[in-house]
Every structure is written in structure tokens, then in C-alpha cells.
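Visitor: Generate coordinates for the sequence data below:
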Amino acid sequence: MRDVYILGVGTTACGRFPDKPAHVLGREAAWAAIKDAGIHPRKIEIAFCGHVYQGMGVGQRTLKEIGLVGQPTINVEGACGSGTLSFWEAWRTIAYGQYDIALALGIENLSRVLSGGPLPLEEDDIEVALGMGMPGLYAMRAKRYMMEYDVSMEQLAKVVVKSRHHASLNPLAQYNKEMTIEEVLDSPMIADPLTRNMCCPVGDASAAAVLCSADLVDKLATKTPIKVLGCVAQSGKYSSSTGLTCDPSENVMRTSKLAYEMAGAGPEDMDVAEIHDAFSIAEMMVYEALGFCEKGEGAKLIEDGSTWINSGGVAVNPGGGLLSRGHPVGATGLLQTAEIVWQLRGEAGKRQQEDAKLGVIETMGGAQPSMDGITCVVSVLGK
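Guide: Numbers count the residues shown, from 1 in each chain. Here you go, the predicted model:
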């Protein structure tokens with residue numbers, strides 16, 4: 001396979017923009033990524049657009065706004081992993097030699113789909129038909145995890161405190177105000193033990209990345225090109241249909257192991273990480289699945305503060321994560337990607353992790369009865 005580099009990234013702000021259709025948000029992010037890459041739009045040979053609820057042909061509706069018509073544009077859906085799945089598609093079409101320059105785009109306007117509450121799931125799933133939603137699923141995981149590993153409500157809240165602090169340094173984040181443990185715990189209970197502030201918000205945004213082959217990077221790059229060292233997408237395997245496991249996700253463990261192997265690096269080498277923290281308990285569990293700590297020790301990383309920016313360990317979710325930057329599902333993976341690119345370039349401003357050289361992105365998507373998630377994509381990026 002050929003080496004692949006990221007030439008440019010671009011995002012909109014995260015928030016509630018009910019008056020902005022998805023294709024308008026997408027146009028802004030795509031144009032920002034193209035400008036950041038410093039290339040003419042017509043150099044893009046193929047595009048992939050990740051989304052979940054934005055209707056037919058949203059990629060084509062978006063790109064025609066900036067004159068990108070005629071090239072193949074493929075719309076991609078992988079639940080919350082749709083954005084990074086479009087990135088994986090763009091990466092592999094270049095890595096396998098089919099195209100030289102590709103655009104990965106993620107779009108979602110959730111505030112035009114629902115006013116609040118959990119995302120609508122497929123009612124033909126037996127668990128959904130019986131009332132299961134994502135908050136309930138993660139609440140059960142949290143209860144079991146807290147019991148097994150003696151984790152407190154305050155430790156769950158500290159995930160959010162860190163997230164809000166990082167987001168307060170990110171002008172593009174949906175929530176920019178810092179929060180105390182007491183404020184997190186005093187917010188309304190959504191699904192015991194998860195309070196409202198322990199759950200990601202409804203929001204809208206778009207994000208994009210321009211990728212190119214190593215053959216062209218020296219000719220085209222106007223900023224520090226970021227190399228895609230590893231990029232792996234997997235689906236979940238069968239899991240127990242009778243028991244609720246709180247072990248680190250097999251899907252995330254398997255996918256990240258393959259991505260680390262492709263990159264020739266390991267979790268101990270990562271300087272910065274953007275991970276799927278849709279609920280505060282998820283961050284602790286993903287620490288373990290990505291190899292940042294042993295099973296059952298996720299809360300220890302929260303307690304010792306090592307996942308904060310410039311605290312001696314890997315900085316986790318320096319952009320604020322899903323909990324605070326926001327979780328516009330189809331755009332999330334590319335929002336994560338843009339943050340890691342900015343970190344590796346040294347362009348992250350007040351939230352910059354010092355001397356960041358390697359970063360990992362993990363995005364998990366969806367749930368199915370008796371399966372460990374619909375989609376997981378893990379990428380490792382480096383200078």
C-alpha cells in the first residue's frame with residue numbers, strides 16, 4: 001500500500017443550528033479543509049460523506065455548492081462512526097492506488113431531526129422495542145463497572161470536569177464553560193447513575209479532511225503534512241445475549257491492536273487521543289480498550305489527572321470530546337481527526353499538548369443486540 005497524508009482539515013463550530021441545513025454546514029467544512037490544504041477544489045478526485053440522518057445524496061448536495069460535481073461522491077453510514085468511516089474509505093482508496101487526492105466529509109444537523117432526548121434507534125431490534133436506548137445501555141454498563149471496580153459518582157463526574165475544561169479552551173466547542181463536580185452531579189438524572197451532564201448533547205456540525213498520496217505530498221503540501229500511520233475499520237462480533245459485560249470493548253481492542261500494528265507503535269507511544277466519550281463511563285472503558293491502562297483501572301487515570309493536557313500522560317479529548325465539544329454523529333469522527341491534526345501541527349492554541357508527535361482516534365458506532373457495536377474505526381496519525 002502507498003503512504004497517505006492529510007493535507008488539510010476544516011470544521012464548523014459545534015452547536016445548535018436548526019436554520020442551517022446539513023449541506024450548508026458541509027459546504028463550510030469542506031471549503032475550510034480545501035483552503036487549509038491549499039489546493040484547487042477540482043484536484044479532488046473522489047469524495048466520501050459520512051452522515052446518519054441527513055437524507056438522500058447529502059454528499060452531492062453539499063459538494064455541488066462549491067463546484068465539485070462529476071467526480072464519484074459516496075455517502076457512508078456507520079452510526080456514530082460515519083465520519084471516521086468516510087475517512088477510512090478516503091484513506092484506503094489512495095493507499096490502494098485507485099486515486100491520489102480524496103475528500104473525507106462528515107455532516108450532521110441533529111437539531112432539525114429531534115429537539116432532545118436519545119437518538120432514534122431501529123425499532124425492529126428486540127432490545128429497542130423493549131425500551132432500550134443508548135443512555136440506558138451505558139447506564140447499565142456504568143452501574144456494573146462501578147460495582148466491580150469500586151468507582152464513585154465523583155469519579156464519573158471528573159470525566160466531565162476534564163472535558164469541560166478542555167472545551168473551555170476550544171472556541172469551536174458546543175460548551176465553553178467549565179464545570180465543577182457538584183454541578184455535574186446536581187444536573188437532572190437521565191438514566192441512573194448518568195446525569196444529564198454525563199451524557200453528550202444534541203448538536204450540529206460538519207468536518208472534513210483532504211488526503212493525498214505520498215507521491216504528491218511534497219508538491220502539494222502548504223502546511224505540515226500529517227501521515228496516516230494506521231487506519232482500521234471493523235464491525236463488532238457476537239457478544240453474550242444473556243449477560244452484560246463491562247470488560248473493555250472487544251471491538252475497540254481488536255481494531256486498535258490492528259491500527260497500532262499497522263502504525264508500528266503502541267498505546268505507550270501516543271501523546272494525544274480523541275476517543276468516543278458519548279457518556280462519561282465510556283471514556284474510562286475506552287482507556288482500557290486502547291491499552292492506556294489495565295482492565296478496571298480507567299478510574300485511576302481520571303483520579304490522577306494524567307489524561308488532562310500537559311499532565312505527563314496521553315492527553316485525552318483535548319478538544320472537549322463528545323461530552324463537551326459535541327456529538328453531531330456523522331461529523332464526530334472528522335471533528336476528532338481535525339483536532340489530532342491541529343495538535344500534531346502545533347496549531348491547537350491554549351489546549352496544545354506540548355511536543356505532540358503521535359495521536360490516536362477511536363470512534364465507535366451504534367449498537368445491535370448480541371453484538372459489540374456496529375462500527376469501530378481507529379486511526380493513528382503522526383508527523
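Visitor: Chain neighbours aside, what residue packs nearest to residue 217?
Guide: Of all residues not flanking residue 217 in the chain, residue 5 sits nearest, at 4.6 Å (Cβ to Cβ, 6 or more residues apart in numbering). The way it works is simple: take the backbone N, C-alpha and C, and place the C-beta from them, glycine included.
Visitor: same question, residue 266
Guide: Distance criterion Cβ to Cβ, 6+ apart; nearest residue to residue 266, sequence neighbours excluded, is residue 260 at 5.3 Å.
Visitor: on that earlier part again, thought the residue nearest to residue 217 was touching residue 212?
Guide: Yes. Using Cβ atoms under 8 Å, residue 5 is in contact with residue 212, at 5.8 Å.
Visitor: Determine the number of other residues adjacent to the residue nearest to residue 217.
Guide: Neighbours of residue 5 under the rule other Cβ atoms under 10 Å: 21.
Visitor: For beta bridges, what are the partners of it?
Guide: residue 212, residue 227 (DSSP bridges).
Visitor: what's the spacing between it and residue 341?
Guide: For residue 5, the distance to residue 341 equals 11 Å [Cβ to Cβ, to the nearest Å].
Visitor: Could you pull up the residues touching residue 216?
Guide: 100-101 (Cβ atoms under 8 Å, 6 or more residues apart in numbering).
Visitor: Then residue 316?
Guide: 162, 272-275, 283, 287, 292, 307.
Visitor: Bridging across strands, which residues link to it?
Guide: Beta-bridge pairing for residue 316 (DSSP bridges): residue 273.
Visitor: pLDDT wise, what is it at?
Guide: On pLDDT, residue 316 comes in at 98.
Visitor: Same question for the one 3 residues further on.
Guide: Residue 319 is assigned a pLDDT of 98 by the prediction.
Visitor: just the strands in the chain please.
Guide: Secondary structure of the chain (DSSP state E): strands at 4-11, 46-50, 73-76, 101-109, 189-191, 194-195, 204-213, 226-234, 272-274, 315-316, 358-365, 375-382.
Visitor: which one of the ones you listed lies closest to residue 153?
Guide: Among these, strand 194-195 comes nearest to residue 153, with 8.7 Å by Cβ to Cβ.
Visitor: list the helices and strands that closest one packs on?
Guide: The contact analysis (3 or more Cβ pairs under 8 Å, 6 or more residues apart in numbering; DSSP states H and E) places strand 194-195 against helix 134-149, helix 181-186.
Visitor: So for residue 26, which of these sits nearest?
Guide: Checking the helices and strands packed on strand 194-195 against residue 26 by Cβ to Cβ gives helix 134-149 as the closest, at 24.6 Å.
Visitor: Just list what that closest one packs against, helices and strands only.
Guide: Packing partners of helix 134-149 (3+ Cβ pairs under 8 Å, 6+ apart): helix 153-168, strand 189-191, strand 194-195, helix 280-289.
Visitor: which residues touch it?
Guide: The contact list for helix 134-149, computed with Cβ under 8 Å, 6+ apart, reads 118-119, 121, 151-153, 156, 190-194, 199, 244, 246, 278-282, 284-285, 296-299, 367.
Visitor: Pop out the phi and psi values for the closest residue to residue 339 other than its chain neighbours.
Guide: Spatial nearest neighbour of residue 339, excluding adjacent residues (Cβ to Cβ, 6+ apart): residue 319 at 3.9 Å. Dihedral angles phi and psi of residue 319 (degrees, to the nearest 10) take the values phi -80, psi -10.
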